[in-house]
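Asks: mind looking at a prediction? Sequence and model below.
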Amino acid sequence: MSKILSYRNLMIDGGQDRILLSTKRGEVGYRIVKFRIMGFEPGADNYESIVKIYETEQTSATANIDFSQTTLLAAGFFTGDTTQQTMKEDTVIFDRKIINQDIYITYNDLQGSDAKVNYYIELETIKLSEQEAMVTTIQSIRNG
């Protein structure tokens, strides 16, 4: 039976977090089952926040969302407007892909207001055979 691990954090604009998942033999796989984002002060700040989850470390946190990127595991957008008191969140998880290496979360806010954003991720753990672990690790290395 698999179990669910959860990770959460508060990020600053331009930040990148690393979630340590790799093991020596890569025998544990992970699949993203939930991904949510929310502003630090909803209703009190303007947001146009882009949060993305990658298989590989990124050189910078960009606002571009390109679904054709093979290392992109999930993307989310949170917007809030203080004058209209409206908020919206939209997240997409791609392929329910199984990974066994570290993942990286980036955050960019288009408002440039030094806003902060929270993220919450749930990962399902999956026991991998030696062969599955090798294939998953090699795929990750090729994508890097």
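Replies: Cool, the structure landed.
Asks: wait, what's in contact with the residue nearest the centre of the chain?
Replies: Geometric centre of the chain, nearest residue: residue 53, 2.6 Å, by CA atoms, centre = their mean. Under the criterion of CB atoms under 8 Å, 6 or more residues apart in numbering, the neighbours of residue 53 are 32, 35, 72-75, 103-105, 121. For the C-beta atoms, the positions are set from N, CA and C on the backbone; glycine is no exception.
Asks: and if you look at residue 6?
Replies: Contacts of residue 6 by CB under 8 Å, 6+ apart are 120-123.
Asks: and residue 15, by the same measure?
Replies: The contact partners of residue 15, taken as CB under 8 Å, 6+ apart, are 61, 106-107.
Asks: ranking the residues you listed by neighbours, who comes first?
Replies: Of all the contacts of residue 15, residue 107 has the most neighbours under the rule other CB atoms under 10 Å, reaching 27 neighbours.
Asks: now the strands: where do they sit in the protein?
Replies: 4-12, 16-19, 28-39, 47-54, 72-81, 86-93, 98-99, 103-109, 116-127 (DSSP state E).
Asks: could you tell me the least trusted of those?
Replies: Ranked by mean pLDDT, those end with strand 86-93 at the bottom, a mean of 82.
Asks: could you check the angle that one makes with strand 116-127?
Replies: With axes from the mean of the first three to the mean of the last three CA atoms, to 10 degrees applied, the angle from strand 86-93 to strand 116-127 works out at 30 degrees.
Asks: could we number from 559 for the rest of this?
Replies: Got it, the first residue is 559 from now on, which makes the last one we talked about strand 644-651.
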